[in-house]
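> I need the structure of the sequence given here:
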Amino acid sequence: MKSAYWQKWNKLYKQELIENIMPFWLKHGLDKKHGGVYTCLNRDGSLMDTTKSVWFQGRFGWMCAYAYNHVKKDKKWLAASLSCCEFLEKYCFDKDGRAFFEITEDGIGLRKRRYVFSECFAAIAYAEYALASGDKAWAEKAVELFKRIRKFVAGGEKWMPSKYTAALKAQGHSLTMILINVANVLKQVSNDPVFDEQITESINLLEKFFIHPEFKALLETVGPNGEFIDTLSGRVINPGHCIETSWFLMDVAVDREDVELLKTALKILDWSWAWGWDKKYGGIISFRDCRNLPAQSYEQDMKFWWPQCETVIATAYAYKLTGDKKYHEWHKLSSEWAWKHLKDKKHPEWYGYLHRDGTVAQPAKGNIFKGPFHIPRMLVKTWELTKDL
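Numbering: from 1, shown residues only. As a prediction, this is how the structure comes out:
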């Protein structure tokens, strides 16, 4: 017998996606003149800045196609995905093959960043659109771009110059994390062994270098061989990133039927919940110091939208895979907190930036970093996970 609790939430996730979140971005975000999507939107959806985030051309391109593939065959979603993919191909890559980070509405590159997240999000958009449309040309573009990303990563300083001098040798968790997800998406459109190679490589890095049992933590920054860097930046725990990593690993564990990997994923989730959940106010805190010293980042105790979203997904996933009542309770806490504090009662879309106590820090619905990705992905993924609970 299905649980009334889970079925209630399952209905809410789908309803919020279809009735509020997707219509908001299709109405206010889509650029019908140049293509692609705007994300710098105020609380009511009015446009604050026409600068476009290249991340979100890929993220929304993927999101629309994923929703089309898994929730509803809405032609508006498919058209929006194609618009983002075409805008990416036409405008968002520089002559060296690297993608921009910010771009004008009509396609003039403004800024690049050192890492390859723009490229990663473009690759998953191409792949998901290929699945939705049946157009194999986009699958080929996705595979080619992924191999380019691998070249950039392997090329080190040549393609992704460090922000540090040679005196500080370090590597970050975020790139290792995102490549697991990107490879897992692209596996659906190609049987090239490079994707499983990347997933295995990233998992090995996580297990050998970034997971530090002495702190019961997955650290954001470590030395070249996983060395603990005992500085403010080296002691950072980003609970949201860690929890996101945990459900990426659950995806792989299910695909590979890997019991040990599932244990690793659950261990990361357990540790990260302990570090991240705010026992006084609820919600996931942005940053912690693994020695329990004051964290450096100015937003260290704020409640951003995306860690809450990742926690809702991961706890639902963990409960589905294990039946452990602990994860049921964590999902209840995190989901109820998110809906109470992030959901705007007056306008569609959710807030992104809250103070520690859950009050709104600023009411805009988007900017260069916040847009139609974490919230709709949470709604779709958790809806899928809870359908049979």
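
> Count the neighbours of residue 96 for me.
For residue 96, the count of nearby residues is 8 (other Cβ atoms under 10 Å). (Each C-beta comes from the backbone N, C-alpha and C, glycine too.)

> Three-state assignment for it, please.
coil (DSSP: H, G, I helix; E, B strand; the rest coil).

> Could you check the pLDDT of it?
According to the predicted model, the pLDDT of residue 96 comes to 94.

> For it, give its distance to residue 345.
Applying Cβ to Cβ, to the nearest Å, one obtains 47 Å for the distance of residue 96 from residue 345.

> likewise residue 369?
In this structure, residue 369 lies at 24 Å from residue 345, with Cβ to Cβ as the measure.

> now swap in residue 250 and tell me
Relative to residue 345, residue 250 is positioned 33 Å away (Cβ to Cβ).

> for the stretch 251-389 of the chain, what spans make up the strands?
Counting by DSSP state E, counting those that start in this stretch, one finds strands in the stretch 251-389 of the chain at the ranges 288-289, 303-304, 353-354, 360-362.

> Ok, which of those strands comes nearest residue 215?
Checking the strands of the stretch 251-389 of the chain against residue 215 by Cβ to Cβ gives strand 288-289 as the closest, at 9.8 Å.

> for the record, mean pLDDT for the closest one?
The average of the pLDDT scores along strand 288-289 is 98.

> now do stretch 355-368
Per-residue pLDDT values across stretch 355-368 average out to 98.

> Please enumerate residues in contact with that stretch?
Judged by Cβ atoms under 8 Å, 6 or more residues apart in numbering, the contacts made with stretch 355-368 from elsewhere in the structure are 24, 29, 38-43, 45, 48-49, 51, 53, 55, 102, 278, 281-283, 285, 301-303, 337, 340-341, 344, 347, 349-354, 370, 372.

> buried residues in it?
Within stretch 355-368, the residues that qualify as buried are 356, 358, 364, 365, 366, 367, 368, counting by 16 or more other Cβ atoms under 10 Å.

> remind me which residues of the stretch 201-350 of the chain are low pLDDT?
Per-residue confidence of the stretch 201-350 of the chain (counting by pLDDT under 70) places no residue in a weak region.

> can you give me the helices in it?
In the stretch 201-350 of the chain, the segments counted as helices under DSSP state H, counting those that start in this stretch are 239-256, 259-276, 305-322, 325-341.

> between the shortest one and helix 305-322, how big is the angle?
Going back to what we said before, that points to helix 325-341. Between the axes of helix 325-341 and helix 305-322, defined by axes from the mean of the first three to the mean of the last three Cα atoms, to 10 degrees, the angle is 150 degrees.

> gap between helix 325-341 and the chain center?
Averaging C-alpha positions (Cα atoms, centre = their mean, to the nearest Å) puts helix 325-341 19 Å from its chain's average.

> again, but for stretch 2-13
Mean C-alpha position of stretch 2-13 versus that of the full chain (Cα atoms, centre = their mean) differs by 24 Å.

> And the contacts of that stretch?
Residues from elsewhere that reach stretch 2-13 (Cβ under 8 Å, 6+ apart): 332, 335, 339, 378, 379, 380, 382, 383, 386, 387, 388, 389.

> List buried members of the residues you listed by neighbour count.
Applying a neighbour-count criterion of 16+ other Cβ under 10 Å, the buried members of these are 335, 378, 379, 380, 382, 383, 386, 389.

> Relative to residue 110, which of the residues you listed is nearest.
When those are compared against residue 110 (criterion: Cβ to Cβ), the nearest one is residue 378, at 29.4 Å.

> So that closest one sits against residue 312, correct?
Yes. If you go by Cβ atoms under 8 Å, residue 378 and residue 312 touch, sitting 5.3 Å apart.

> For the residue lying closest to residue 343 once chain neighbours are set aside, give me its contacts.
The spatial neighbour of residue 343 that comes closest, neighbours along the chain excluded (Cβ to Cβ, 6 or more residues apart in numbering), is residue 350 at 5.3 Å. Taking Cβ under 8 Å, 6+ apart as the definition of contact, the neighbours of residue 350 are 21, 305, 342, 343, 344, 365, 375.

> With distance to residue 236 as new columns, can the residues you listed be given to me in JSON lines?
Formatted as JSON lines, the entries for the contacts of residue 350 read as follows, by distance: Cβ to Cβ, whole Å:
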{"residue": "21", "distance to residue 236": "31"}
{"residue": "305", "distance to residue 236": "20"}
{"residue": "342", "distance to residue 236": "24"}
{"residue": "343", "distance to residue 236": "29"}
{"residue": "344", "distance to residue 236": "30"}
{"residue": "365", "distance to residue 236": "28"}
{"residue": "375", "distance to residue 236": "25"}
